[in-house]
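Trainee: With the input below, show me the fold.
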Amino acid sequence: MPEGSELATVAEVHENGSVLFTASNSFDMAEEIILVPCEDAVTDGGTPDEENTGGVRAWINRCTHEAQRFDTGRGVPMRDGAIICPKHGSMFDACAGDCDNGMAAGTTLPDVDVTVADGAVYLTDDEYSFDHLGGIDDGDDGPSSTSHVGF
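Mentor: So this is what the prediction gives:
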């Protein structure tokens, strides 16, 4: 088992199409990160290639063009192995992170290191520490208060 936090299984990522989680970066700032299926990392027999992250890649959850979130709580929009920016339609290769169309053409998504072992995906990037599954605001009930006034 690799050092790092277990995030999901490869099967969950492939079945759900994506997994969203939050991690703190080296500046102690929360970042949303997406796990997406990467078909290039699957062998011809249809099984994940363990040396190539087992059919899963991790990217920061925002377009390089305008910091638009890919996963807004409903999963990552994808088509034909590409992550689609929901704002302008730029498409990023799910395996390489490269974009060759739209407003983000010529850019590459910032990647996050993950490792697959025994069918599980682990966060193994030294720049990040796992906070929780879901987006930054998920599970945040806001400030506690005894006031009857709600905001």
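
Trainee: Walk me through which strands the strand ranked longest in the chain pairs with, and which way each runs.
Mentor: In the chain, assigned by DSSP state E, the strand with the most residues is strand 30-37. If you go by DSSP bridges, strand 30-37 pairs up with strand 19-24 (antiparallel), strand 56-60 (antiparallel).

Trainee: Give me the distance between the most centrally placed residue in the chain and Met78.
Mentor: For the chain, Ile34 is the residue whose C-alpha lies nearest the centre (Cα atoms, centre = their mean; 0.9 Å). For Ile34, the distance to Met78 (Cβ to Cβ, to the nearest Å) stands at 10 Å. Any C-beta I mention is one placed from the backbone N, CA and C, and that applies to glycine too.

Trainee: shared neighbours of the two, anything?
Mentor: Ser18 (Cβ atoms under 8 Å, 6 or more residues apart in numbering).

Trainee: circling back to that earlier point, show me the beta-bridge partners of the residue nearest to the centre of the chain.
Mentor: Here Ile34 sits in beta bridges with Leu20, Trp59, going by DSSP bridges.

Trainee: And Ser24, by the same measure?
Mentor: Using DSSP bridges, the bridge partners assigned to Ser24 are Ala30, Ser129.

Trainee: swap in Val114?
Mentor: With DSSP bridges as the rule, Val114 is bridged to Leu123.

Trainee: quick one: the strands in this structure?
Mentor: Secondary structure of the chain by DSSP E: the strands cover 5-9, 19-24, 30-37, 56-60, 78-79, 82-84, 91-93, 111-112, 114-117, 120-123, 129-133.

Trainee: Tell me which of those strands is the most buried.
Mentor: strand 56-60 (a mean of 25; mean count of other Cβ atoms under 10 Å).

Trainee: tilt between it and strand 5-9?
Mentor: Taking axes from the mean of the first three to the mean of the last three Cα atoms, to 10 degrees, one finds strand 56-60 and strand 5-9 inclined to each other by 120 degrees.

Trainee: In the protein, where is pLDDT below threshold?
Mentor: Residue ranges of the chain with pLDDT under 70: 40-53, 139-151.

Trainee: burial of Pro77, as a residue count?
Mentor: The burial count assigned to Pro77 is 17, neighbours taken as other Cβ atoms under 10 Å.
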